[in-house]
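> the amino acid sequence is not available; the structure is as follows:
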């Protein structure tokens, strides 16, 4: 009994951390390039609504996911143009997008589905599927990137590959034949989210694009002087963040549940932002922060219906606020220690 | 005069642009934008119902618009007006229930939630004060968090919105709900706490229209906010902090204190929405009474250039949109009242982008200096 | 090698470059001199593609080249080192150098190989730079050499250096010039923008003089002298000398004992400073910028949190160490901050509102209702007086401070602070970015204030200014006071040596005075 409690806690932690992680990684690209992305909430909503609506019409979650991403990119483009082209205040622009997507889904669902803010139920077989193969591939990416951080990277590439494959095989077997088997059947966005952590790390620290991205976020003038297109990098980063946050949103509507409901992200975009700050704008730490928030939410859900020693049930409202309170506490406690990208929030204006 | 024209031109452009883009939306979902807008504006400006309701809907927006504007003048973005007004509305209801005497429900059964029965002359100011203080306190929390820890007010206010909803819902559900009431709402407040509807004073305006004394309060609040910001030393300090916190510090102004003060004043103004809703309209706390007044307040403030006169005008414009939106919802095939939300977001975007050209938020603004 | 033909550039109303013609020969060092705002940097930024010219053409190696962006310039072998370094401080030297010109395929970034190349270049030109160091841990001189490496790594044949010596001590300048001569010997062409004539004479082969956006002279360095250059630069014979009588010092106004300040991140910025300032004297603080001057002034003005500061500050015998800025102002300490835009002004506020910053809470700025309401009439009168006394133009109190030129903004601040009738004036970079007429005005005002018995602590990055104005001179290096000298008896070389931390003039530091 106890065992099951812990196991399901792990499963739901991963599930609940996923949308946060996707949004936070999206935010990471944008903010490392110097653009505050407080619009994550709105971007998630755009992704969630579009994914659900398109899946409903197309009957295919992949079309829905893709459409959701396109929507995320388009909406992010509004933020990007406002912030980069028009040098709008980034917080204000992000807030406008959040408000826009409190309204747009409701507006459209009223028009399309004659409902006040939700899409029709999507049948279970049309939701984003779980995939063992993709899970294993993601596992492989994670394992090999971990290995590449150790002395083992000096080994011959072939030997490394074989070793990694062996390791993945062992983990696979260990999970497959135990009660942890459900861990191997993750839904696609979960796989994407966690595989993206090492990928993002690699992009950030091991590619020219990542170098430019970081430079643009720290000192855009220096990047400009070195011949880097500050605008180009910033646009790319913000659009990327739109796509990722939208996947996070799509996971909510066509992964975890089976329809879009009004304001279904309930602040996750902001919690993701807090996780990003808590994670000091670094991919791995951000993932850990997301897992912490996911865990808190998982615990909160487990607490529902639990009775206090006095026999009373813990009021639902107190359970609901746990992640929000945690966000405030984390921000208050840790913000002093994390250093934001130096040019964060500042539009780049060429001197004269 | 030319200065005023210059002030007006961009907000006008933003509004027109929002209407055009909104019109495209309307067209896309298969309705006629011109008819939609005609319906919207016509229904909002008819006498007495249209105008009465429009001003009634504008009232909370004047309060939240002022709230956001005061915070903005200090370089802070208060997205928490929504939470602040919820807490405040509950506080006003709580005081008016506790000190409003025994109330009889629809079946004639007396509901005993009350401690005492105070006359309106005392109870009404007390309930108003409760709303102001509760909103102010709830606003001061993110102010304090920013001043003390540097955590961003935008995230904290959003979190506090969720927390406010949950806590108030808890107290309403467990302590102040009339047993058997299927709706999540508090017991009714004592009759002595009701404030007068303006229909009582204005000939031709029927009393069924909920436009009430809170509207007059809102006008007074506009004047007071103007005096506060531009004619008192405290306002000077708040504006100086918003314009350039480093220079303010140099001028011997405690930036931290201004942050807390501005957020508290902002929260108090947002809290006054509770007066309109609880004491002047529903006569109880009703969960979900606010259709996002706090968020709309951002659009109102930005469109109104964070100036009380501008806030008043743009709140009335949004009042038109809300009132008209309800008719549009009912009398068009597809368009819903959410059109209003879309319009207001577009307005914010335009006004925000325009800021680049004139800069209400200076180079050293607190907003820009925060980490998010 | 490089030729600018009829380059014209306009910024709004200002004609920054007016048909500028400059011809630079290969493998030479070419100086471009002129006062602030003469258009030298603009011309060179156009050559580097940072700006595009409104008119005119750029010729490189005999061919007309349209240079639209730094990218184009780099491809043609033009490199530029900016006055403010263009470095990402949190990244390593190698990362900074390859930025924008990354080696390897798009997917994988091969920093190892780049580091080797950088090391080789560093050795070739004797720059002594470790490619793996993080930039923020390096000295200013080292950072400048990274900038050189950046250009060399991109195969620059022509290097444009914008005021390269502004941040260097005299000794570092010598080293730096040796590096430049080495580069010339290897066939590189160097353009150096400066307003220091001694440097022009020391390093260049050829010199172009600019004034008011136009080229006013092009000379062989060996055929000219400082006097001729100065005349061409300014358009008249001038020499900066300040008329001032000997100081009549009174009692000690400010006494500082073992003052240490740490930055927010905990790094020490000022270490155990002790000194005194007496009534009727100007004490100057000289040193390369960023050696603790800012922290010193801000600590004295009450702008450093008490948790970040140790030691004792006494004003007229009173301990004010823990007092906040307002309380200190009340006692009679005025402060003219180093950066008027960052600290000194509310740019969007009008002159009236700016004229009361710091005294806005007390009479005469407020009246009525227990001194809560601002007294607009009194404020207007005060602003008018200030504008008149300090010749602020345009003389319209309703204008926002933003609308004023740098010099007039500075006069506004000075007027406001003088209006406090201070017993102690803390003043930093009083004439930075200020036109010549205003400089003279400000200097005279400072001397007059001193003669009225005010104690003045003056920080300036302009060595000339601080030696001319000060009655006593403190020299700081790396957060410490490393020298106390009489400005009338000391040579620039001596000060330079102290500024580098080369040697200490007073054996027992912190006990003098």
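In hand now; what should we look at? Because the structure is predicted, anything quoted here is derived from the model rather than measured. Numbers count the residues shown, from 1 in each chain, chains lettered A, B, ... in the order given.

> which residues of the stretch 101-250 of chain B score low on pLDDT?
B:106 (pLDDT under 70).

> I misspoke; the intended subject was the stretch 1-150 of chain C.
Along the stretch 1-150 of chain C, segments meeting pLDDT under 70 span C:36, C:105-107.

> what is the burial count for the closest residue to chain B within it?
Chain B sits closest to residue C:12 of the stretch 1-150 of chain C, with a gap of 14.3 Å, by C-beta to the nearest C-beta. No exception for glycine: its C-beta is placed from N, CA and C like everyone else's. Residues near residue C:12, counting by other C-beta atoms under 10 Å in any protein chain shown, number 7.

> tell me the SS of residue C:104?
coil (DSSP: H, G, I helix; E, B strand; the rest coil).

> from chain A, how far out is it?
7 Å (C-beta to the nearest C-beta, to the nearest Å).

> mind listing what that residue touches?
A:208, C:110, C:113 (C-beta atoms under 8 Å, 6 or more residues apart in numbering or on different chains).

> apply 7 Å and report the result again.
residue C:110 (C-beta atoms under 7 Å, 6 or more residues apart in numbering or on different chains).

> try residue C:207
C:31, C:33, C:200, C:219, C:221, C:224 are the contacts of residue C:207 under C-beta under 7 Å, 6+ apart.

> what's the nearest residue to it if we skip its chain neighbours?
residue C:31 (4.4 Å; C-beta to C-beta, 6 or more residues apart in numbering or on different chains).

> so that neighbour makes contact with residue C:204?
Yes. At 3.7 Å, residue C:31 and residue C:204 qualify as touching, with contact defined as C-beta atoms under 7 Å.

> what sits in contact with each of these two?
residue C:192.

> for those two, indicate the residue with more neighbours.
residue C:31 (27 against 24).

> confirm that that one sits in a strand.
Yes. Assessed by three-state DSSP, residue C:31 belongs to a strand.

> if it is in a bridge, with which residues?
residue C:192, residue C:207 (DSSP bridges).

> contacts only, for it.
Contacts of residue C:31 by C-beta under 7 Å, 6+ apart are C:192, C:194, C:200, C:204, C:207.

> apply 6 Å and report the result again.
Residue C:31 makes contacts with C:192, C:200, C:204, C:207, as judged by C-beta atoms under 6 Å, 6 or more residues apart in numbering or on different chains.

> ok, now residue B:57?
B:319, B:322, B:323.

> if we use 8 Å, what do you get?
Per C-beta under 8 Å, 6+ apart, neighbours of residue B:57: B:318, B:319, B:322, B:323.

> so what's the residue count around residue 273?
Defaulting to chain A. Count around residue A:273 with other C-beta under 10 Å applied: 30.

> try again with chain B
33.

> give me the distance between it and chain A.
Counting by C-beta to the nearest C-beta, the gap from residue B:273 to chain A is 17 Å.

> which residues touch the helix or strand harbouring residue C:417?
Assigned by DSSP states H and E, residue C:417 falls within helix C:406-418. Helix C:406-418 is contacted by residues C:334-337, C:340, C:344-345, C:351, C:354-358, C:386-387, C:389-393, C:401, C:404, C:425, C:430-431, C:433-435, C:437-439, C:441-442, C:445, C:449 when judged by C-beta under 8 Å, 6+ apart.

> swap in 6 Å and give it another go.
C:334, C:336, C:340, C:344, C:355, C:386, C:390, C:392-393, C:433-435, C:438.

> between those residues, which is nearest chain A?
residue C:433 (13.2 Å).

> one step back: can you list the contacts of residue B:57 in a markdown table and add secondary structure and neighbour count?
Output for the contacts of residue B:57, formatted as a markdown table (DSSP: H, G, I helix; E, B strand; the rest coil; neighbours: other C-beta atoms under 10 Å in any protein chain shown):
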| residue | secondary structure | neighbour count |
| --- | --- | --- |
| B:318 | helix | 29 |
| B:319 | helix | 24 |
| B:322 | helix | 24 |
| B:323 | helix | 28 |
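
> up against chain B, what does chain C have?
Applying C-beta under 6 Å from any C-beta of the partner chain, we find that chain C lies next to chain B at C:325-326, C:329, C:337, C:342-343, C:346, C:348, C:357-358, C:360-361, C:366, C:372-374.

> let's see that with 7 Å instead.
Within chain C, the residues that sit near chain B (C-beta under 7 Å from any C-beta of the partner chain) are C:303, C:324-326, C:329, C:337, C:342-349, C:357-358, C:360-361, C:366, C:372-374.

> show me which of the residues you listed are buried.
For the residues of chain C next to chain B, a burial check counting by 16 or more other C-beta atoms under 10 Å in any protein chain shown picks out C:303, C:324-326, C:329, C:337, C:343-349, C:357-358, C:360-361, C:366, C:372-374.

> in strands, which of the residues you listed fall?
C:366, C:373, C:374 (DSSP state E).

> could those residues go into a markdown table alongside pLDDT?
A markdown table is the format used below for these (pLDDT from 0 to 100):
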| residue | pLDDT |
| --- | --- |
| C:366 | 88 |
| C:373 | 93 |
| C:374 | 94 |
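
> dump those to JSON lines, plus distance to chain A.
Formatted as JSON lines, these follow (distance: C-beta to the nearest C-beta, whole Å):
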{"residue": "C:366", "distance to chain A": "32"}
{"residue": "C:373", "distance to chain A": "32"}
{"residue": "C:374", "distance to chain A": "28"}
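
> closest to residue B:175 among the residues you listed?
residue C:373 (44.1 Å; C-beta to C-beta).

> residue contacts, the residue nearest the centre of chain C?
Centroid check for chain C by C-alpha atoms, centre = their mean gives residue C:461 as the closest residue, at 6.0 Å. By C-beta under 7 Å, 6+ apart, residue C:461 lies in contact with C:289, C:429.

> for the closest residue to chain B within the stretch 151-300 of chain C, which non-adjacent residue is spatially closest?
The nearest approach of the stretch 151-300 of chain C to chain B comes at residue C:298, 9.0 Å away (C-beta to the nearest C-beta). Once flanking residues are discounted, residue C:298 sits nearest to residue C:304: 5.2 Å by C-beta to C-beta, 6+ apart.

> ok, now which ones touch residue 45?
This is for chain A. Contacts of residue A:45 by C-beta under 7 Å, 6+ apart are A:101, A:105, A:249, A:265.

> could you do chain B instead?
Residue B:45 is in contact with B:51, B:320, counting by C-beta under 7 Å, 6+ apart.

> how much space between it and chain A?
23 Å.

> pLDDT at that residue, what is it?
pLDDT for residue B:45: 90.

> need the phi and psi values for it.
The phi and psi torsions at residue B:45 (degrees, to the nearest 10) take the values phi -110, psi 10.

> re earlier: of the contacts of residue C:31, which one scores lowest on pLDDT?
residue C:200 (87).

> distance of that one relative to residue C:366?
55 Å (C-beta to C-beta, to the nearest Å).

> what is the burial count for residue 19?
I went with chain A, as the question did not name one. 31.

> think we crossed wires, I meant chain C
15.

> does stretch B:293-312 reach chain C?
No. Using C-beta under 7 Å from any C-beta, we find that stretch B:293-312 stays clear of chain C, coming within 12.1 Å at best.

> give me the contacts around that stretch.
Residues contacting stretch B:293-312 (C-beta under 7 Å, 6+ apart): A:95, A:99, A:102, B:7, B:11, B:14, B:60-62, B:64-69, B:72-73, B:79, B:81-82, B:85, B:222, B:225-226, B:270, B:273, B:313-315, B:318, B:344, B:347-348, B:351-352, B:360.
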